[in-house]
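Student: Here is my input, please return the structure:
(one chain, ligands or ions: 1)
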Amino acid sequence: MIAINANFIQRITLDWNKIAEDSYTRMISSLQGLEQLDFKHAVTFFVGENGSGKSTLLEAIAIRYGFNPEGGSRNYQFSTYDTHSELFNGIRVAHGVIHADWGYFLRAESFYNVVTKELEYSDLKHPSEKYHEKSHGESFLALAQKQFKPNGLYILDEPEAALSPQRQLTLLAEIRNCVEAGSQFIIVSHSPIILGYPDAEIFVFDDGKVHSCLYEETKSYQITEMFIKNREQILRNLFD
Ligand SMILES: Nc1ncnc2c1ncn2[C@@H]1O[C@H](COP(=O)(O)OP(=O)(O)OP(=O)(O)O)[C@@H](O)[C@H]1O
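Tutor: Reported below is the predicted structural model:
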């Protein structure tokens, strides 16, 4: 039986002719040979070393899909500090037959600005959730729980940054509920807990290319496992 791909974003293609010659994105080795990426699973992860280009590509996809570079729903239009790359100029998104009812771009790094905007956008009909009156992790999870809806497209950049391991598990359950209700997620993560989501495709941005790998092959899994099993020896080697 052929599985039907019900994703809202099914494929991205990258036309480097549309990217400026002096763009720093041309220097990111994992992206240099990238022409196409297929999204066949409801949950796709981008993993890899710091600086390997994950957020640059995630952000370009989000902007091309119509999200504000700093995050929020597609209704959010603001800019606190313009740092996004022009990679989105070269991106083409192949949409599925069905369009998403809702969507949210959630970034750990600009979360403060988004919840400040949520307060500014609030009115009597749409009261603020007052995220600033909660802790970082409480507010991050509360925002996710409020915004995750059926048939939505969710782009998350390092959602674990604010979350305790316990709350990362809660986030996994929220993602599961949402996926079962027809949603799609594209997530950058370093967390061995978040990456443990079943039936996901994991794209690694290391070794000068973007390529698929298994959960157990990720550095996040391997280094965490090695550390927990050999903590004393690893620390001795590290400190000596
Ligand atoms: N505004 C910018 N100007 C110049 N170079 C940039 C800019 N933003 C990012 N870079 C460079 O692009 C590369 C990829 O950055 P990116 O943020 O995509 O990495 P990442 O894989 O998401 O890393 P991390 O895991 O640390 O978040 C890095 O080497 C970074 O220094």
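
Student: Okay, now the unreliable bits of this structure?
Tutor: 1-3, 78-83 (pLDDT under 70).

Student: Could you tell me which helix of it is the longest one?
Tutor: Counting by DSSP state H, the longest helix found in the chain is helix 165-180.

Student: As a check, name the ranges of all helices in this protein.
Tutor: 29-32, 54-65, 111-121, 136-147, 165-180, 219-229, 231-239.

Student: Please list the residues of this protein that sit near the ligand.
Tutor: Residues of the chain found near the ligand, taking C-beta under 6 Å from any ligand atom as the criterion, are Tyr24, Ile28, Gly48, Asn50, Gly51, Ser52, Gly53, Lys54, Ser55, Thr56, Thr83, Phe205. (Each C-beta comes from the backbone N, C-alpha and C, glycine too.)

Student: will you turn these into CSV that also has neighbour count?
Tutor: Shown next, in CSV, are those (neighbours: other C-beta atoms under 10 Å):
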residue, neighbour count
Tyr24, 11
Ile28, 20
Gly48, 21
Asn50, 7
Gly51, 11
Ser52, 21
Gly53, 24
Lys54, 27
Ser55, 21
Thr56, 19
Thr83, 11
Phe205, 25
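
Student: separation between the residue lying closest to Phe67 once chain neighbours are set aside and Pro159?
Tutor: Distances taken as C-beta to C-beta, 6 or more residues apart in numbering put Phe105 closest to Phe67, at 3.9 Å, once the chain neighbours are dropped. According to C-beta to C-beta, to the nearest Å, Phe105 stands 12 Å off from Pro159.

Student: Which one's more surrounded, these two?
Tutor: Per other C-beta atoms under 10 Å, whichever of Phe105 and Pro159 has more neighbours is Phe105, with 29 against 25.

Student: Pairing partners for the more buried one in the sheet, please.
Tutor: Note on Phe105: beta-bridge partners by DSSP bridges are Gly72, Ile155.

Student: doesn't Gly72 make contact with it?
Tutor: Yes: in this structure, Phe105 is within contact of Gly72 by C-beta atoms under 8 Å, at 6.4 Å.

Student: How many neighbouring residues does Thr13 have?
Tutor: Neighbours of Thr13 (other C-beta under 10 Å): 14.

Student: Go ahead and confirm it touches Ala94.
Tutor: Yes: the criterion here is C-beta under 8 Å, and Thr13 meets it with Ala94 at 7.3 Å.

Student: excluding its backbone neighbours, what's nearest Asn177?
Tutor: Per C-beta to C-beta, 6+ apart, closest to Asn177 is Phe148, 7.5 Å.

Student: who are the neighbours in contact with Arg26?
Tutor: Trp16, Ile19, Gln32 (C-beta atoms under 8 Å, 6 or more residues apart in numbering).

Student: quick one: which of those residues has the most company?
Tutor: Counting neighbours by other C-beta under 10 Å, the top entry in those is Ile19, with 20 neighbours.

Student: What separation do you get for that one and the ligand?
Tutor: With distances taken as C-beta to the nearest ligand atom, to the nearest Å, Ile19 is found 13 Å from the ligand.
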